[in-house]
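Novice: what follows is a protein structure lacking sequence information:
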């Protein structure tokens, strides 16, 4: 089954031309100093127009689109497998081992206690204890 680009060919080529113009225009404005903007703005504009140009190029030429989508599916499966593997094989056991000696919610049954109830101390509310709250 061959997938087709979700964009019409004319739209993809128009996006390609516009993003190439943006890429060239941002580079020219940076070199000539037309606008006095921080260099991060130019770098961001160049990066975004480069990505847009690449995506428009892929979508505008159908011979490249089908292999690109096959590569994207393989890449998706590899990344998902790697991320889930890292999460379940490294992160979860790390936090399990890290939390093993601690029981902040007192979930584990203690041999000395008959219930999970913890008796709290009842301090009277005097003026000094209320002033600490402010």
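Specialist: That came in fine, so what should we check first? The model shown is predicted, which means the values in this text are computed figures rather than measured ones.
Novice: only C-alpha atoms from now on, for both contacts and neighbour counts.
Specialist: Noted.
Novice: quick one, what contacts residue 96?
Specialist: If a contact means C-alpha atoms under 8 Å, 6 or more residues apart in numbering, then residue 96 has no contacts.
Novice: tell me the confidence at it?
Specialist: Residue 96 is assigned 85 on the pLDDT scale.
Novice: ditto for residue 7
Specialist: 56.
Novice: and what of residue 89?
Specialist: Looking at residue 89, its pLDDT is 90.
Novice: with the one 3 residues further on instead?
Specialist: pLDDT, the model's per-residue confidence, is 86 for residue 92.
Novice: the residue positioned nearest the centre of the chain in helix, strand or coil?
Specialist: Most central in the chain under C-alpha atoms, centre = their mean is residue 83, positioned 12.2 Å from the mean C-alpha point. With DSSP: H, G, I helix; E, B strand; the rest coil as the basis, residue 83 sits in helix.
Novice: and it, how far from residue 89?
Specialist: 10 Å (C-alpha to C-alpha, to the nearest Å).
Novice: and residue 21, by the same measure?
Specialist: Applying C-alpha to C-alpha, the value for residue 21 to residue 89 is 47 Å.
Novice: the two: who's more crowded?
Specialist: residue 21 (14 against 11; other C-alpha atoms under 10 Å).
Novice: residue 14: neighbouring residues, count only.
Specialist: So residue 14, with other C-alpha under 10 Å, has 13 neighbours.
Novice: secondary structure element for it, which one?
Specialist: Per DSSP states H and E: residue 14 is located in helix 9-32.
Novice: average pLDDT across the helix or strand that that helix is followed by?
Specialist: Moving toward the C-terminus from helix 9-32, the next helix or strand (DSSP H and E) is helix 39-60. The average pLDDT within helix 39-60 is 75.
Novice: give the buried residues for helix 39-60.
Specialist: Neighbour counts over helix 39-60 (16 or more other C-alpha atoms under 10 Å) mark 42, 45-46, 49-50, 52-53, 55-60 as buried.
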